[in-house]
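Chemist: have a look; sequence and predicted model below, questions after that.
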Amino acid sequence: TVFENKEIASRKVAERIAAIIRRKQEAGEMAVLGLATGATPIGVYEELVRMHKEEGLSFQNVITFNLDEYYPMKPKSVQSYVYFMKEHLFDHVDIKKENINIPDGTLPKDEIHDYCLRYEQKITDAGGLDFQVLGIGRTGHIGFNEPGSAPNSGTRLVTLDDLTRRDASRDFGGKENVPTKAITMGIGTIFKAREIVLMAWSGKKAPIIKKAVEGSMSSDVPATFLQNSENVEFVLDKDAASEL
Ligand code: GLP
């Protein structure tokens, strides 16, 4: 779906998320959301915060699982995805702390494997993801599933692509400060979500959107695997869609 601009598109996505939260609330159930970081979803989070403040949208029945976190990464660090989520969403709504899940960037390496299996299990135990928010990196990554990622991959420790580290270098004051690794939900984990929305704005994303939507399916561009799934929608602004 192509929208005139990212503001309108973000509002539409936020409305879909709010509808799930309200529907679950009425049924006395938890809404399970898969969340993403990066500049792309900020407008969606802003709109959800506005709905909380002005329309009484409650997050008391919401469980969230974030896609990824840099490794190593301290939660208090301004570059952490924990910091990002607090700043843009969690600190401004009434979500219960115990219902927030973000991969732990502080674990010793030999504990990561088991931790990732538990992260995966926790999503299943919560009833599975009702809705997954995605952005896309210029390498075609979703979450931090870089080129080479398998379509059935699970939550795991990955090595970041050079282009991804270059794109993140501004946040870290130089590429050399960007962690070389991250913990990410796998493509297989993402696929289990009942609804998936991948958002992209601006002409900078147009070439990778073209590859993701029209290119042949391959782990060279992990987002192409989304072509395989029926419950995926690409939500784009005009510029991101300009090469389609
Ligand atoms: C990071 C995140 C991804 C995100 C991507 C794009 O690499 N791990 O989840 O989609 O950046 O970021 P942006 O939305 O800032 O373009």
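Modeler: Nice, I can see it. Residues are numbered from 1 along each chain as shown.

Chemist: show me the contacts for residue 117.
Modeler: Going by CB atoms under 8 Å, 6 or more residues apart in numbering, residue 117 touches 154, 155. No exception for glycine: its C-beta is placed from N, CA and C like everyone else's.

Chemist: please, which helix or strand holds it?
Modeler: helix 109-125 (DSSP states H and E).

Chemist: could you point out the helix or strand that follows that helix?
Modeler: strand 131-134.

Chemist: strands of this protein, start to end?
Modeler: Secondary structure of the chain by DSSP state E: the strands cover 2-3, 31-35, 62-66, 68-71, 100-101, 131-134, 156-159, 181-184, 196-200, 232-237.

Chemist: within range of the ligand, give me the residues from this protein.
Modeler: 36-40, 67-68, 135-137, 143-144, 164 (CB under 6 Å from any ligand atom).

Chemist: ok, and the most crowded of those?
Modeler: Ranked by the number of neighbours (other CB atoms under 10 Å), those place residue 143 first, at 29 neighbours.

Chemist: does residue 208 really touch residue 222, like I thought?
Modeler: No. With contact defined as CB atoms under 8 Å, residue 208 and residue 222 do not form a contacting pair (10.7 Å).

Chemist: so what's in contact with these two at the same time?
Modeler: residue 140.

Chemist: those two: which is more packed in?
Modeler: Neighbours were counted for residue 208 and for residue 222 using other CB under 10 Å; residue 222 has more, 29 against 21.

Chemist: so how far is residue 85 from the spatially most central residue of the chain?
Modeler: Taking CA atoms, centre = their mean, the centroid of the chain lies closest to residue 36, which sits 2.2 Å from it. In this view, residue 36 and residue 85 are 10 Å apart by CB to CB, to the nearest Å.

Chemist: next: residue 47.
Modeler: From residue 47 over to residue 85 the distance is 15 Å, taken as CB to CB.

Chemist: picking that back up, residue contacts, the residue nearest to the centre of the chain?
Modeler: Per CB under 8 Å, 6+ apart, neighbours of residue 36: 66, 67, 133, 134, 135, 143.

Chemist: same question, residue 14
Modeler: Counted by CB under 8 Å, 6+ apart, residue 14 has contacts 43, 44, 47, 48, 51.

Chemist: skipping adjacent residues, who's closest to the first one in space?
Modeler: Spatial nearest neighbour of residue 43, chain neighbours left out: residue 10 (3.2 Å); criterion: CB to CB, 6 or more residues apart in numbering.

Chemist: per-residue confidence for residue 97?
Modeler: On the pLDDT scale, residue 97 is placed at 98.

Chemist: what number of residues lie near it?
Modeler: Neighbours around residue 97, by other CB under 10 Å: 6.

Chemist: surely residue 7 meets residue 42?
Modeler: No. Using CB under 8 Å, residue 7 and residue 42 do not qualify as a contacting pair, with a distance of 11.1 Å.

Chemist: which one is the residue nearest to the centre of the chain nearest to, not counting chain neighbours?
Modeler: Leaving aside its chain neighbours, residue 36 sits nearest to residue 133 (4.7 Å; criterion: CB to CB, 6+ apart).

Chemist: how far out from the middle of the chain is stretch 215-222?
Modeler: 19 Å (CA atoms, centre = their mean, to the nearest Å).

Chemist: please apply the same query to stretch 166-177.
Modeler: For stretch 166-177, the distance to the chain centre is 20 Å (CA atoms, centre = their mean).
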